[in-house]
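Asker: Predicted coordinates and the sequence they were generated for:
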Amino acid sequence: MTTSLFRRGLLAATAATALLGAVALPAQAQSKIPLRISTPAVADDWHGKMWTVFKDSLDKSAPGEFDVQINLNAALFKQGTEPAAMARGNLELSSISAFDIAKL
């Protein structure tokens, strides 16, 4: 009889754990992936405007999946420091020159 109670308790605990895991998965899937963008371009420059076009296109193709954060005027990282920031994982996207990449 004790084995039967132990087995029932184990099955109940396993079912509860599986249920909690199934509930937690959709909550994790709903979090947006941050995409931090740094550029020295100004808002009126075509380089800056194209980041907005990129953001709009990404929102259309993958709605609600990404949190695109556009930082113009080198507000997030100064020009030339973007490759190092990307290597450290502090920046996802940037418009950088080949010269800046070669410095790494």
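Answerer: In hand now; what should we look at?
Asker: Could you tell me how many residues sit around L91?
Answerer: 21 (other CB atoms under 10 Å). In this view, the C-beta of every residue, glycine as well, is placed from N, C-alpha and C.
Asker: Show me where the chain dips below the pLDDT cut-off.
Answerer: 1-29, 104 (pLDDT under 70).
Asker: In the sheet, which residues pair with the one residue sitting closest to the centre of the chain? Tell me.
Answerer: With distances taken as CA atoms, centre = their mean, I33 lies nearest the centre of the chain, 2.5 Å away. Per DSSP bridges, the residues bridged to I33 are F66.
Asker: That one and S94, how far apart?
Answerer: According to CB to CB, to the nearest Å, I33 and S94 sit 17 Å apart.
Asker: How far does stretch 90-100 stretch from one end to the other?
Answerer: Stretch 90-100 has an end-to-end distance of 17 Å (criterion: CA to CA, to the nearest Å).
Asker: how many other residues sit next to the residue nearest to N71 when sequence neighbours are not counted?
Answerer: Nearest residue to N71, sequence neighbours excluded (CB to CB, 6 or more residues apart in numbering): S38, at 4.9 Å. Using other CB under 10 Å, S38 is surrounded by 28 other residues.
Asker: if I pick S38, what's in contact with it?
Answerer: Taking CB atoms under 8 Å, 6 or more residues apart in numbering, we find S38 in contact with N71, A74, A75, L76, F77, E82, A85, L91, L93, S94.
Asker: Same check on M86?
Answerer: Here M86 is in contact with E92, S94 (CB under 8 Å, 6+ apart).
Asker: Sticking with it, tell me its helix or strand.
Answerer: helix 82-88 (DSSP states H and E).
Asker: Go through that helix and flag the buried ones.
Answerer: By neighbour count on 16 or more other CB atoms under 10 Å, the buried set for helix 82-88 is E82, P83, A85, M86.
Asker: Farthest-apart pair in the residues you listed, please.
Answerer: P83 and A85 (7.3 Å; CB to CB).
Asker: Next, the contact list for I37, please.
Answerer: By CB under 8 Å, 6+ apart, the neighbours of I37 are W51, V68, Q69, I70, N71, L91, E92, L93, S94.
Asker: Export these to a markdown table and append columns for secondary structure and distance to K103.
Answerer: Converted to a markdown table, these look like this (DSSP: H, G, I helix; E, B strand; the rest coil; distance: CB to CB, whole Å):
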| residue | secondary structure | distance to K103 |
| --- | --- | --- |
| W51 | helix | 23 |
| V68 | strand | 27 |
| Q69 | strand | 25 |
| I70 | strand | 24 |
| N71 | strand | 21 |
| L91 | coil | 16 |
| E92 | coil | 20 |
| L93 | strand | 19 |
| S94 | strand | 14 |
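Asker: Please consider this matter closed, and thank you.
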